[in-house]
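A.B. asks: no sequence on this one, just coordinates:
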């Protein structure tokens, strides 16, 4: 559905449905979330739900895009070493506040859906590519400002930082303690800082 063709009220309804679906999927998993659950949680009728999302797969695909956008929107400007440290602190604080339940909102979707179909995996890969691109641009800016040495590889560093966060979140979720996440982020940041200009 072309979101730009919706009225303000229509966009708000669609957003409410996506937020409700994302929350249910995070709590109950994709398999445990039915369209009726989403309809009730969003406070919409069945006809409203099918107006915006033709079937569950369409809803899932749009939840992936919505969750990627929401995750990226939450990321601060990361163009100094202090900003990266604050980011790591925020990641740990967010997971601690959630009592390490649910994991990363986007990563949890990827874990559940990456093997369901090539199309769904492509949507998830696009979300991760956008996240990596945001990190890469931040690291490029740091290199351009002389904060990182010229031999620093923004692609490699972006992969390392995101993988440290995703893996650390998963271990902390499973073990229900902050140390795996904090340790993985600290190690990644130490590697990043080793390229200080």
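C.D. replies: Arrived safely, thanks for sending. Note that the structure is a prediction, hence the values are computed from the model and not measured.
A.B. asks: could you say which helix or strand contains the residue nearest the centre of the chain?
C.D. replies: The C-alpha lying nearest the average C-alpha coordinate of the chain belongs to residue 106 (CA atoms, centre = their mean; 3.5 Å). Using DSSP states H and E, residue 106 falls within helix 105-113.
A.B. asks: for that helix, packing partners?
C.D. replies: With contacts defined as 3 or more CB pairs under 8 Å, 6 or more residues apart in numbering; DSSP states H and E, helix 105-113 has these neighbours: helix 8-28, helix 56-74, helix 118-144, helix 154-175. Yep, even glycine has a C-beta here, placed from its N, CA and C like the rest.
A.B. asks: let's go with 7 Å and repeat that
C.D. replies: Packed against helix 105-113 by the contact rule (3 or more CB pairs under 7 Å, 6 or more residues apart in numbering; DSSP states H and E) you find helix 8-28, helix 56-74, helix 118-144.
A.B. asks: Domain-wise, how is this structure divided?
C.D. replies: 3-54, 66-193 (automatic domain parsing).
A.B. asks: which residues sit in contact with the closest residue to residue 80 other than its chain neighbours?
C.D. replies: The shortest distance from residue 80 to any non-neighbouring residue, by CB to CB, 6 or more residues apart in numbering, is to residue 147 (6.6 Å). Contacts for residue 147 (CB atoms under 7 Å, 6 or more residues apart in numbering) come out as 80, 81, 196, 197.
A.B. asks: Name the weakest-confidence residue in those residues, if you would.
C.D. replies: Here the lowest pLDDT out of the contacts of residue 147 sits on residue 197, with 90.
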